[in-house]
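# Return atomic coordinates for the entry below.
(one chain, ligands or ions: 1)
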Amino acid sequence: MEIVIVDHPEQVMADIIANAVRGGASVLGLATGSSPLRTYTELIRRHREEGLSFAGVDAVLLDEYVGLPTTHPESYARFIRDKFTDHVDIGEVNSPDGMTDDSIAAADAYDDLIKGIGPVDVQILGIGSNGHIGFNEPSSSLTSRTRIKTLTAETRNDNARFFDSFDEVPQHVITQGLGTICDAKHLALVATGEGKADAIARAVEGPLSASCPASILQWHPRATVVIDNAAASKLKDAEYYKYVYANKPR
Ligand code: F6R
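Numbering: from 1, shown residues only. Next up, the predicted model:
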């Protein structure tokens, strides 16, 4: 696992995506939420000003709220269109069907779709304050596949800022499982701010455990954690990670 502590994580994240796309990546895994927003803004800028093209690249989202139509401003299908994919020349953008009557079948179908068009070349991830990735809440099986999950009150509370009230945050989601996420060739997690410092410390330096689903990155053959100093503030070995990154072989 590579831990990159920098003032502008979005630049490193955009470099990872741009290098993958220029190197022939055909599938990108996209996260929603606030963490990757600056990365998407930077990728849109590079597309407009530097000719970065996403032609020939398809995308898969990590998750979707159950019960929100894709026209709802907080549906993740709509969010990613508004914040990123409508502004670049990317191909198909796939997401779980949150409006189906049969969430179990929809989740299975989405997992099959990812297997069919995958492997995902780079999966962008954020991290919840409780250590979730995707919406794999604590106690999620480390080999889980795409499925319907119940959001914890903590996550609904964290996400209430996007809705008019806590009660409007859906209780259920369809999320790629930890096993599904780990099928990606490269996991790139971005986090900023002190509010993520505990979760980052547990994910990076704690035990590999379902109690902190993001700790699965320790097990993946190629995982990069890109964070600012505030998000790194509870890492015991922050100076060591900075040394390793500063002395990375060309
Ligand atoms: C969203 C997702 C979630 C978020 C996480 C952090 O697609 O999968 O894991 O990345 O909840 O959310 P923010 O970035 O809003 O703090």
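
# And stretch 144-154, how far out from the chain middle?
15 Å (C-alpha atoms, centre = their mean, to the nearest Å).

# and it, anywhere near the ligand?
No - Stretch 144-154 is not in contact with the ligand by C-beta under 6 Å from any ligand atom; minimum separation 9.5 Å. All C-beta atoms are positioned from the backbone trio N, CA, C, and that covers glycine.

# Next SSE downstream of the host helix or strand of Ala106?
Here Ala106, judged by DSSP states H and E, is contained in helix 103-117. Downstream of helix 103-117, the first helix or strand assigned by DSSP H and E is strand 122-125.

# Neighbours of the residue nearest to Ile44 when sequence neighbours are not counted, how many?
Excluding the flanking residues, the one nearest Ile44 by C-beta to C-beta, 6 or more residues apart in numbering is His87, at 4.5 Å. Around His87 there are 16 other residues, counting by other C-beta atoms under 10 Å.

# quick one, what contacts Ile3?
Val204, Thr224, Val225, Ile227, Ala232, Leu235, Tyr241, Val244, Tyr245 (C-beta atoms under 8 Å, 6 or more residues apart in numbering).

# if we go to 10 Å?
189, 200, 204-205, 217, 223-227, 232, 235, 237-238, 240-242, 244-245 (C-beta atoms under 10 Å, 6 or more residues apart in numbering).

# Does it fall in a helix, a strand, or a coil region?
strand (DSSP: H, G, I helix; E, B strand; the rest coil).

# Chain neighbours aside, what residue packs nearest to whatever residue of the chain ends up closest to the ligand?
Relative to the ligand, the nearest point of the chain is Gly126 (2.4 Å; C-beta to the nearest ligand atom). Of all residues not flanking Gly126 in the chain, Ser35 sits nearest, at 3.4 Å (C-beta to C-beta, 6+ apart).

# Pull the distance from the helix holding Ala106 to the chain's centre.
Per C-alpha atoms, centre = their mean, the centroid offset for helix 103-117 relative to its chain is 18 Å.

# Now name the helix or strand holding the residue nearest to Ile174 when sequence neighbours are not counted.
Excluding its sequence neighbours, the residue lying closest to Ile174 (C-beta to C-beta, 6+ apart) is Pro96, at 3.8 Å. Assessed by DSSP H and E, Pro96 sits outside every helix and strand.

# quick one: Glu2 from Ile227, how far?
In this view, Glu2 and Ile227 are 11 Å apart by C-beta to C-beta, to the nearest Å.

# Contact residues of the protein facing the ligand?
Counting by C-beta under 6 Å from any ligand atom, the chain sits next to the ligand at 31-35, 62-63, 76, 126-128, 132-135.

# Need the buried ones from the residues you listed selected in PyMOL.
To isolate the buried members of the residues of the chain next to the ligand in PyMOL, using 16 or more other C-beta atoms under 10 Å:
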select buried, resi 31+32+33+35+62+63+76+126+127+128+132+133+134+135
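
# Tell me which entries of the residues of the chain next to the ligand lie within strands.
Asp63 (DSSP state E).

# got the buried residues for the helix or strand bottoming out on mean pLDDT in the chain?
Least confident helix or strand of the chain, by mean pLDDT, DSSP states H and E, is helix 153-159 with a mean of 95. Residues of helix 153-159 classed as buried by neighbour count (16+ other C-beta under 10 Å): Thr155, Arg156, Asp158, Asn159.

# Looking at Glu2 and Ile227, which is more packed in?
Under the criterion of other C-beta under 10 Å, the comparison of Glu2 against Ile227 puts Ile227 first, with 28 against 13.

# circling back: got any residues that touch both of Glu2 and Ile227?
Tyr241.

# so what does the helix holding Ala106 touch, helix or strand wise?
strand 27-30, strand 58-61, strand 63-65, strand 93-94, strand 147-150, strand 172-175, helix 178-182 (3 or more C-beta pairs under 10 Å, 6 or more residues apart in numbering; DSSP states H and E).

# Measure how far the helix or strand just after the first one is from the centre of its chain, please.
Moving toward the C-terminus from strand 27-30, the next helix or strand (DSSP H and E) is helix 37-50. Average the C-alpha atoms of helix 37-50, do the same for its chain, and the two points are 17 Å apart (C-alpha atoms, centre = their mean).
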